[in-house]
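> what's the 3D shape of this:
(one chain, ligands or ions: 2)
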Amino acid sequence: MDSILVRGGGPLAGQIPIAGAKNACLTLMPATLLSEEPLTLINAPRLSDIRTMTQLLQSLGAEVTSLQDGQVIALSSHDISNHTAHYDIVRKMRASILVLGPMLAREGHAVVSLPGGCAIGARPVDLHLKALEAMGAELELKDGYVHAKAPGGLKGGNVDFDFASVGATENALMAATLAKGTTVLNNAAREPEIVDLAQCLRAMGAHIEGEGTSVITVEGVDRLGGATHTVVTDRIELGTYMLAPAICGGEVELLGGQMTLVEAFCEKLDAAGVDVSETAGGLSVKRRTADIRAINVTTEPFPGFPTDLQAQMMALLCTAQGTSVLEEKIFENRFMHAPELMRMGADIDVQGGTATVTGVPKLKGAPVMATDLRASVSLILAGLAAEGETRVGRVYHLDRGYEHVVAKLSGVGADIERISES
Ligand SMILES: CC(=O)N[C@H]1[C@@H](OP(=O)(O)OP(=O)(O)OC[C@H]2O[C@@H](n3ccc(=O)[nH]c3=O)[C@H](O)[C@@H]2O)O[C@H](CO)[C@@H](O)[C@@H]1O
Ligand SMILES: C=C(OP(=O)(O)O)C(=O)O
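Numbering: from 1, shown residues only. Ligands and ions are numbered 1, 2, ... in the order given. Next up is the predicted model:
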């Protein structure tokens, strides 16, 4: 199993290109199931999650071709030849549930394995299912699978989400494009990935209004066509690499970065003593003060501070002056990086959904273990500024969400390598 070896060092300088968003691409790809015509996605990230979604769509009969070293994905779903998304693939990745809405809307039936829990929380899919029921779907849970039917097709309806779930909003939005009549999604999620999905669906011929607000209205159409769409920038990869110069010092430009994607995150960086400025090519980041100041952070749905940047922000705050409090409000078990950071000398007290981090002058390199995707990169960030060597194990988590992490960080002067072990 591979690991990443990081040696702590001095200031970073240079540019890091930011890829297209994993979480946008994972919902744009299943949109191909809504149409017989081809969908082309430009600026796709090269990640294992994208390969898993490729396998899943292929298992349903879609043609998926990776072009230009994976940055362009050509999808075509002329016929859906198999209507069952099997556990073997679905269990690898929770975003697999996003094939349910499109397949049901186009074909009137679908069987999709329940994804099961994951390390960061139980993550049920009840909100996805309730939304589809509000559009007339008949659902049965049997043998770990959702059996969904809509014999006369889905019908527009009012969907009231109890929580602004990203995935449930995406599933419902895709399904509503082919439902008969008008669907209103109330308390919809407002994440940029949902705006990106709506834009792509509109290019395919869907009638959608209100994406990016908490009420999305969809007027169903009989069929959707093909489209070519550019995937939005990955705001989580962006935020992650913005933390590298904040932690190590120096100045790094994040190519393709946009302030509107990371506003709440930038407010916190500013409070901690880190400057972010817009450049012709993206965003530039450098420390304003010699020391990082302690701050308090609460994760929230967009436009609030993203849960997917909480672990990385904790890595920064481990060496801040003073005591920071991080509250995790989205997932019930998303502090698994804390004990690993403590192995590097961090002072962290976790009580339920609250982590209290008291800054120490310096972290010390140690062998640590990645427990999930964002935890893994937080350990790399911590290792960049720690004294000595940090070896991060179980990097398959990292490969889900970060392409070319070694090349990107060594390109700005970090001492990092991947060790392959058989
Ligand atoms: C592939 C993808 O885009 N993943 C992102 C997506 O995940 P995902 O779409 O799974 O996240 P949700 O917004 O749905 O989940 C947020 C919370 O709602 C709960 N919930 C969700 C659905 C449901 O039917 N019932 C329910 O109780 C979850 O357990 C969780 O506690 O948004 C999360 C929140 O920004 C991000 O951390 C993930 O990176
Ligand atoms: C939690 C994440 O992804 P997923 O929803 O695919 O598990 C993430 O990207 O941080």
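
> and the stretch 301-422 of the chain, which residues reach ligand 1?
For the stretch 301-422 of the chain, the contact set with ligand 1 under Cβ under 6 Å from any ligand atom comprises Thr307, Asp308, Ile330, Phe331. The C-beta positions use only the backbone N, C-alpha and C, and glycine is treated the same way.

> highest neighbour count among these?
When neighbours are counted by other Cβ atoms under 10 Å, Asp308 leads those with 23 neighbours.

> for the nearest residue to it once chain neighbours are set aside, what are its contacts?
Closest residue to Asp308 apart from its sequence neighbours, by Cβ to Cβ, 6 or more residues apart in numbering: Ile236 at 4.5 Å. Residues near Ile236 by Cβ atoms under 8 Å, 6 or more residues apart in numbering: Ala21, Lys22, Asn23, Pro306, Asp308, Leu309, Arg374, Gly401.

> follow-up on the earlier one: ok, the residues of the stretch 301-422 of the chain next to ligand 1 vs Gly257, which is closest?
When these are ranked by distance to Gly257 (Cβ to Cβ), Asp308 comes first, at 15.7 Å.

> up against ligand 1, what does this protein have?
Within the chain, the positions lying close to ligand 1 (Cβ under 6 Å from any ligand atom) are 23, 26, 94-95, 121-128, 163, 165-168, 307-308, 330-331.

> quick one: the strands in the stretch 151-300 of the chain?
158-160, 182-186, 207-209, 215-219, 227-230, 250-255, 274-278, 282-287, 296-298 (DSSP state E, counting those that start in this stretch).

> so which of those is nearest ligand 2?
Smallest distance to ligand 2 across the strands of the stretch 151-300 of the chain (Cβ to the nearest ligand atom): 16.0 Å, for strand 296-298.

> quick check: residues of this structure near ligand 2?
Asn23, Arg94, Ala95, Asp308, Leu373, Arg374, Gly401.

> unless I'm mixing things up, the first one is touching Asp196, no?
Read it as Asn23. No - in this structure, Asn23 is not within contact of Asp196 by Cβ atoms under 8 Å, at 9.3 Å.

> before we move on, back to that, any idea how far Gln312 is from the residue nearest to Asp308?
9 Å (Cβ to Cβ, to the nearest Å).

> shared neighbours, those two?
With Cβ under 8 Å, 6+ apart as the test, Ile236 and Gln312 both reach Arg374.

> what's the burial count for Asn171?
Using other Cβ under 10 Å, Asn171 has 27 neighbouring residues.

> equivalent analysis for the one 3 residues further on, please.
If you count neighbours by other Cβ under 10 Å, Met174 ends up with 30.

> my guess is it meets Cys200, correct?
No - using Cβ under 8 Å, Met174 is not in contact with Cys200, being 10.0 Å away.

> find residues that contact each of those two.
Counting by Cβ under 8 Å, 6+ apart, the shared contacts of Met174 and Cys200 are Ala31.

> Arg123: what secondary structure?
coil (DSSP: H, G, I helix; E, B strand; the rest coil).

> that's a helix at Thr27, yeah?
Yes - if the criterion is three-state DSSP, then Thr27 is within a helix.

> show me what contacts it?
Ala95, Leu98, Gly167, Glu170, Met174, Glu193, Ile194, Leu197.

> now, of these, which are buried?
Ala95, Leu98, Gly167, Glu170, Met174, Glu193, Ile194, Leu197 (16 or more other Cβ atoms under 10 Å).

> tell me which element the closest residue to Gly61 other than its chain neighbours is part of?
Using Cβ to Cβ, 6+ apart and skipping the chain neighbours, the partner closest in space to Gly61 is Ser81 (3.3 Å). Following DSSP states H and E, one finds Ser81 outside all helices and strands.

> my guess is Ser81 contacts Ser59. True?
No - counting by Cβ under 8 Å, Ser81 sits too far from Ser59 to count as a contact (9.5 Å).

> between the two, tell me which one has more neighbours.
Applying other Cβ under 10 Å to Ser81 and Ser59 shows that Ser59 carries more neighbours, namely 17 against 10.

> how about the more buried one, what does it touch?
So Ser59 contacts Asn82, Ala85, His86, Ile89 (Cβ under 8 Å, 6+ apart).

> now with 10 Å, please.
For Ser59, the contact set (Cβ atoms under 10 Å, 6 or more residues apart in numbering) comprises Ser81, Asn82, Thr84, Ala85, His86, Asp88, Ile89, Val90, Val99.

> dump the residues of the stretch 301-422 of the chain next to ligand 1 to JSON lines, plus pLDDT.
Formatted as JSON lines, those follow (pLDDT from 0 to 100):
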{"residue": "Thr307", "pLDDT": "98"}
{"residue": "Asp308", "pLDDT": "98"}
{"residue": "Ile330", "pLDDT": "98"}
{"residue": "Phe331", "pLDDT": "97"}
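
> picking up where we left off before, which of the contacts of Ile236 fall within helices?
Lys22, Asn23, Arg374 (DSSP state H).

> for the second one, give me the pLDDT.
Confidence per residue is given as pLDDT, and for Asn23 that number is 98.

> helices of the stretch 101-250 of the chain, start to end?
Listed in chain order, the helices of the stretch 101-250 of the chain (DSSP state H, counting those that start in this stretch) span 126-134, 166-177, 192-203, 235-248.

> ignore what I typed, I meant the stretch 251-400 of the chain.
Using DSSP H, counting those that start in this stretch, helices in the stretch 251-400 of the chain cover 263-272, 310-317, 337-343, 373-385, 396-399.
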